[in-house]
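Asker: got a predicted structure plus its sequence, pasted below:
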Amino acid sequence: MKNVLIITSYFPPETGAASNRIFHLAEGLKDHGFKVSVLTPLPNYPTGEIFKAYKGKFKDTSTENGIIIHRLWIYASNSKNKLLRLMAMLSYSFSLIWFFIWNKIPKTVIVQSPPLLVAFTCMLCLKSKKRHLILNVSDLWPIAGLELGAFRKNFSYKMLERIERFNYKRADLVLGQSEEILMHVRSIVSDKKTFLYRNYPEFEVPELNHKPSNGTLKIVYAGLLGIAQGIYKLCQELDYEHVEFHIYGSGAEQINIETYISNHPELPITYHGQVSRSELHTVLLEYDITIIPLLKRIYGSVPSKIFEYAKLGLPMLYFGGGEGEMIIKKHKLGWVAEAGNYEKLNAVISSIESEMLSKSMRQNIRENGKKEFDFKTQLVQLKELI
């Protein structure tokens, strides 16, 4: 049985696309005969505080469903202060180095990136002729940070670019969630071995029994309420004449969203808080469509929600541009609206009629998703590379 170590900054019980992506990868590899262990910080995302069950611990090791999970100390913070966020990343890097010193590391290691500094620590410390380093790139940093306005092209940005190049060069194999990510990697290291790994998860899908709403379109958003998603602005820009908007999740914009809803009780917006992922899968199918927004088109970014909702058979309205938009169109998973154009978004919404939202449409979305992104097929191919 081959040993594989996965190093990530996010893992359940934390919620969100990043933790779900790595969880499914770990589960999938285990089911394909690998002995899987995971290195991750003590749970703290997205609150920026160590979860209650882990408070006061320096380290926690457990075996969950056959996977060994090592949770390491981190200076937890979700502050907007860049220095505090840097301290959080560095603290986890120091914990990783300490772990590397005192523990035997398997020959095959999968490293999640971003964060760049955490990936850099792993690539710097673990590179060996006898070790196979795999870099799993889910977003392109620092480019994404620049496009979101988090970075400026200064000395710090150039340093991050150098770290990014170093990580790609040190990796024996790069996994990317989008074609744009793999193109970018090959533009830096032309001969780098790459593999397109879509995050199409494995879970039991609920039965399709939804009946479209009459007259009012019930739109749902579920996920991180962060700056990049722009849910607060979406609340302000939607035309509510024939629309209800339902929100699940947490994040930096949560307080602004709750305040906006409180100040506008006449608007049909409901914030439901957070629910477990398994519960969410059932809840989502009660709605007519889901919206997947990005405040700006981010090069390389393909939201994991696309693949999860395809498995559920949930019609999508994509509002983020780029490769994600092309996937929705190509595989007939729903509708798209020009990124950042709220007038066009409202026009698309007004064009969606209840007759379009049939059970057969949802079944087709499920079938198309399985055909194009099947998780088991991807893992069989990935297994040959590991």
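Answerer: Structure's in. What do you need? Numbers count the residues shown, from 1 in each chain.
Asker: elements contacting the helix or strand hosting residue 234?
Answerer: If you go by DSSP states H and E, residue 234 is part of helix 231-237. Helix 231-237 sits against strand 243-248, helix 254-263, strand 289-293, helix 342-351, with contacts defined as 3 or more C-beta pairs under 8 Å, 6 or more residues apart in numbering; DSSP states H and E. Using the backbone N, CA and C atoms, a C-beta is placed for each residue, glycine as well.
Asker: make it 6 Å
Answerer: In terms of contacts (3 or more C-beta pairs under 6 Å, 6 or more residues apart in numbering; DSSP states H and E), helix 231-237 is packed against helix 254-263.
Asker: buried ones in the helix it packs on?
Answerer: Going by neighbour count (16 or more other C-beta atoms under 10 Å), the buried part of helix 254-263 is 254, 257, 260-261.
Asker: CA atoms only: put it into PDB for me.
Answerer: Extracted in PDB, the C-alpha atoms of helix 254-263 (Å, rounded to 0.1, in the frame of the first residue of the first chain):
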ATOM      1  CA  GLN A 254     -21.700  38.700   6.600                       C
ATOM      2  CA  ILE A 255     -22.300  41.600   9.000                       C
ATOM      3  CA  ASN A 256     -22.800  44.000   6.100                       C
ATOM      4  CA  ILE A 257     -25.300  41.600   4.500                       C
ATOM      5  CA  GLU A 258     -27.200  41.100   7.800                       C
ATOM      6  CA  THR A 259     -27.300  44.900   8.300                       C
ATOM      7  CA  TYR A 260     -28.600  45.500   4.800                       C
ATOM      8  CA  ILE A 261     -31.400  43.000   5.200                       C
ATOM      9  CA  SER A 262     -32.300  44.500   8.600                       C
ATOM     10  CA  ASN A 263     -32.400  48.000   7.100                       C
END
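Asker: looking only at pLDDT, what's the mean for it?
Answerer: For helix 254-263, mean pLDDT rounds to 95.
Asker: same question, stretch 267-280
Answerer: Throughout stretch 267-280, pLDDT has a mean value of 89.
Asker: which residues touch it?
Answerer: With contacts defined as C-beta atoms under 6 Å, 6 or more residues apart in numbering, stretch 267-280 is touched by 222, 235, 240, 244-248, 250, 258, 261.
Asker: buried ones in stretch 32-47?
Answerer: Using 16+ other C-beta under 10 Å as the test for burial, stretch 32-47 gives 34, 36-46.
Asker: what about these, which are in strands?
Answerer: Under the assignment DSSP state E, those contribute 36-41 to strands.
Asker: now render those as JSON lines, adding pLDDT and distance to residue 124.
Answerer: Compiled in JSON lines, these are given as follows (pLDDT from 0 to 100; distance: C-beta to C-beta, whole Å):
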{"residue": "36", "pLDDT": "96", "distance to residue 124": "23"}
{"residue": "37", "pLDDT": "97", "distance to residue 124": "21"}
{"residue": "38", "pLDDT": "97", "distance to residue 124": "20"}
{"residue": "39", "pLDDT": "97", "distance to residue 124": "15"}
{"residue": "40", "pLDDT": "96", "distance to residue 124": "19"}
{"residue": "41", "pLDDT": "95", "distance to residue 124": "19"}
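Asker: farthest pair within the residues you listed?
Answerer: Distance extremes for these: the farthest pair is 36 and 41 at 17.9 Å, using C-beta to C-beta.
Asker: show me the helices in the stretch 101-250 of the chain, by range?
Answerer: 116-126, 143-147, 155-170, 179-188, 231-237 (DSSP state H, counting those that start in this stretch).
Asker: the shortest one - contacts with which helices or strands?
Answerer: Contacting helix 143-147 under the criterion 3+ C-beta pairs under 6 Å, 6+ apart is no other helix or strand.
Asker: how far away from the center of its chain is that helix?
Answerer: The gap between where helix 143-147 is centred and where its chain is centred comes out at 16 Å by C-alpha atoms, centre = their mean, to the nearest Å.
Asker: that older thread, closest one to residue 207 among the helices of the stretch 101-250 of the chain?
Answerer: Per C-beta to C-beta, nearest to residue 207 of the helices of the stretch 101-250 of the chain: helix 231-237, 29.0 Å.
Asker: what sits up against the closest one?
Answerer: By C-beta under 6 Å, 6+ apart, the list of residues contacting helix 231-237 reads 221, 225, 253, 256-257, 260, 269, 293, 342.
Asker: for those residues, work out which two are farthest apart.
Answerer: Largest separation among the contacts of helix 231-237 by C-beta to C-beta: 225 and 342, giving 18.2 Å.
Asker: those two: who's more crowded?
Answerer: Between residue 225 and residue 342, residue 225 has the larger neighbour count (other C-beta atoms under 10 Å), namely 24 against 16.
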